[in-house]
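I need the structure of the sequence given here:
(chains A and B)
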Number of protein chains: 2
Amino acid sequence: MRSAYHHQLAELTVQLGEMCGLANEAMRGATEALLSADLDAAEQVIDDHERMVVMRERAERQAFALLALQQPVAGELRAIFSAIQIIADIERMGALAVHIAKIARREHPNRVLPDEVRACFADMAKVAIALGDSAKQVLISHDPEGAARLREEDDAMDELYRHLFKVLLDQDWTDSVPVAVDAALLGRFYERFADHAVEVGRRVIFMVSGDLPAPDEISTY
Amino acid sequence: MRSAYHHQLAELTVQLGEMCGLANEAMRGATEALLSADLDAAEQVIDDHERMVVMRERAERQAFALLALQQPVAGELRAIFSAIQIIADIERMGALAVHIAKIARREHPNRVLPDEVRACFADMAKVAIALGDSAKQVLISHDPEGAARLREEDDAMDELYRHLFKVLLDQDWTDSVPVAVDAALLGRFYERFADHAVEVGRRVIFMVSGDLPAPDEISTY
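Numbers count the residues shown, from 1 in each chain, chains lettered A, B, ... in the order given. Below you'll find the model as predicted:
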């Protein structure tokens, strides 16, 4: 009985890692779609999200069953409690990638972004995907120090996000209003993706230690 | 023992209702700040969010303690499971109101929005606050029909959101890029607030029935 239980708990950890991997893959594909006006990549990300929805449901059912049948305590209860929250964060990361892919698809065959901000988006994507990969790693390793480092990694995103808005709101901005609006929303999607990865790190710290670090302050650009 | 347990469970429900009330109050204040360039209202919303953070932590602790000490099953377990998810949605609703308040504060004493979109924002705010109020009601009443109606109520928001972008992206738009960028982000904040309220409704349906309705498709403007 206990052995089946530990197997199920390990299975839930594997599912979280897989979901996070799927979200990161979506973000890679969405970025490819955005920066290269790659329609196939965009369609793939949009279609794949169905898998994420299915995995979310399955992981939630698994977490619920573990609580119902096994009545876990202490560290194991923390693991399941955190998993319930992490599942929602990861699904949202995938949904944000879908938003990016849908904007790329809508504008195809044109590129959404003007040259002025392309490098900034390439950098934001790099940081977002690195954060997603780190989140996946700490979900599997349960390393609290790695989890804490996610917040530091996110500083680079905050800086890029501020830079993006500096460019968008500069008087020298010569592109159209629609382009600026898309760039602002897209920037926000990358930034939120990173925030959710940081949140995964916070929850892993609680899972391991029982202490939940304070959330970051809410900042606008 | 059981009686203390049911008291704690009822207490958690009260806390969710209070948190949702606080998020709605924040959205009212943020809207006042936005539409009337009211600095005091903006500051109030920003300062009050600390209370939300404290309430979130308390509600999570309460949910965790109920799982750890009472080993609930069936409907009671569903109530706690859902509460863990709902707490995150409500906190996010509050955070979105803070984002709106911060933009209003940054632009004070100027108004952020031009006349062209003020009425649209007034309508979006009305729908968002009504959805938040409905979410609060179903959190307390546990009425699954009321919870299901939240999704229908949200249709009005989707329509207003689409309308907003039609105005912003129209060639007749004569305002500056920064104004359009702010309006786009602000529109997104209202729309996400409404989405989280709908999500609360979904979770209440699961709480009551054990069935979780499928999530809405991801739509961009």
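
average model confidence for the helix or strand harbouring A:Leu185?
According to DSSP states H and E, A:Leu185 maps onto helix A:177-209. The average of the pLDDT scores along helix A:177-209 is 97.

pLDDT at the residue nearest the centre of chain A, what is it?
With distances taken as Cα atoms, centre = their mean, A:Met93 lies nearest the centre of chain A, 3.3 Å away. Note on A:Met93: pLDDT of 98.

secondary structure element for the closest residue to it other than its chain neighbours?
Take A:Met93 and drop its neighbours on the chain: the residue closest to it by Cβ to Cβ, 6 or more residues apart in numbering or on different chains is A:Ala23, 3.9 Å away. C-betas here are computed from N, CA, C, even on glycine. Assigned by DSSP H and E, A:Ala23 falls within helix A:2-36.

Run through the neighbouring helices and strands of that helix.
helix A:39-70, helix A:74-107, helix A:115-141, helix A:177-209 (3 or more Cβ pairs under 8 Å, 6 or more residues apart in numbering or on different chains; DSSP states H and E).

for the longest one, packing partners?
I take that to be helix A:74-107. Helix A:74-107 sits against helix A:2-36, helix A:39-70, helix A:177-209, helix B:39-70, helix B:74-107, with contacts defined as 3+ Cβ pairs under 8 Å, 6+ apart.

measure A:Leu39 to chain B for me?
Using Cβ to the nearest Cβ, to the nearest Å, one gets 16 Å for the distance from A:Leu39 to chain B.

Sorry, slip of the keys, the one I care about is A:Ala26.
Applying Cβ to the nearest Cβ, the value for A:Ala26 to chain B is 11 Å.

Just give the number of residues close to that residue.
Per other Cβ atoms under 10 Å in any protein chain shown, the neighbour tally for A:Ala26 reads 27.

wait, doesn't it sit right on A:Asp48?
Yes - at 6.2 Å, A:Ala26 counts as touching A:Asp48 under the criterion of Cβ atoms under 8 Å.

Can you give me every residue that contacts the closest residue to A:Ala104 other than its chain neighbours?
Distances taken as Cβ to Cβ, 6+ apart place A:Ala33 nearest to A:Ala104, at 3.9 Å, with adjacent residues excluded. Applying Cβ atoms under 8 Å, 6 or more residues apart in numbering or on different chains to A:Ala33 gives the contacts A:Leu39, A:Ala41, A:Ala42, A:Val45, A:Ile100, A:Ala101, A:Ala104, A:Arg105.

Which pLDDT does the model give A:Ala33?
With respect to pLDDT, A:Ala33 scores 98.

Quick check: which ranges of chain A have low pLDDT?
Where chain A drops to pLDDT under 70, the residues are A:1-2, A:220-221.

let's go with 90 and repeat that
Within chain A, the segments meeting pLDDT under 90 span A:1-6, A:69-74, A:171-174, A:211-221.

Next one: A:Ala74 from B:Leu69, what distance?
Separation of A:Ala74 from B:Leu69 (Cβ to Cβ, to the nearest Å) stands at 12 Å.

These two: which has the busier surroundings?
Neighbour count, other Cβ under 10 Å: between A:Ala74 and B:Leu69, B:Leu69 has more, with 13 against 9.

That one - nearest residue in space that isn't next to it in sequence?
Going by Cβ to Cβ, 6+ apart, B:Leu69 has B:Tyr5 as its nearest residue, at 7.9 Å.

neighbouring contacts of the helix or strand hosting A:Glu145?
Taking DSSP H and E as the definition, A:Glu145 sits inside helix A:144-168. Residues from elsewhere that reach helix A:144-168 (Cβ under 8 Å, 6+ apart): A:116-117, A:120-121, A:123-124, A:127-128, A:130-131, A:134-135, A:137-138, A:173, A:180, A:183-184, A:187, A:190-191, A:194-195, A:197-198, A:200-202, A:204-205, A:208-209, A:213, A:216, A:219, A:221, B:177-178, B:181.

repeat that for 7 Å
A:116-117, A:120, A:123-124, A:127-128, A:130-131, A:134-135, A:137-138, A:173, A:180, A:183-184, A:187, A:191, A:194, A:197-198, A:201, A:204-205, A:208-209, A:221, B:177, B:181 (Cβ atoms under 7 Å, 6 or more residues apart in numbering or on different chains).

Would you mind writing the ChimeraX command to select the buried ones in those residues?
To isolate the buried ones among the contacts of helix A:144-168 in ChimeraX, judged by 16 or more other Cβ atoms under 10 Å in any protein chain shown, type:
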select /A:116,117,120,123,124,127,128,130,131,134,135,137,138,173,180,183,184,187,191,194,197,198,201,204,205,208,221 /B:177,181
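
buried set for the helix holding A:Glu145?
Buried residues in helix A:144-168 (16+ other Cβ under 10 Å): A:144, A:146-148, A:150-151, A:153-154, A:156-158, A:160-161, A:163-165, A:167-168.

Would you mind measuring from the spatially closest residue to A:Met157 that is not a sequence neighbour to A:Asp155?
Nearest non-adjacent residue to A:Met157, counting by Cβ to Cβ, 6+ apart: A:Ala194, 4.2 Å away. Applying Cβ to Cβ, the value for A:Ala194 to A:Asp155 is 10 Å.

swap in A:Ser209?
Separation of A:Ser209 from A:Asp155 (Cβ to Cβ): 23 Å.

now swap in A:Leu96 and tell me
20 Å.

Equivalent analysis for A:His6, please.
37 Å.
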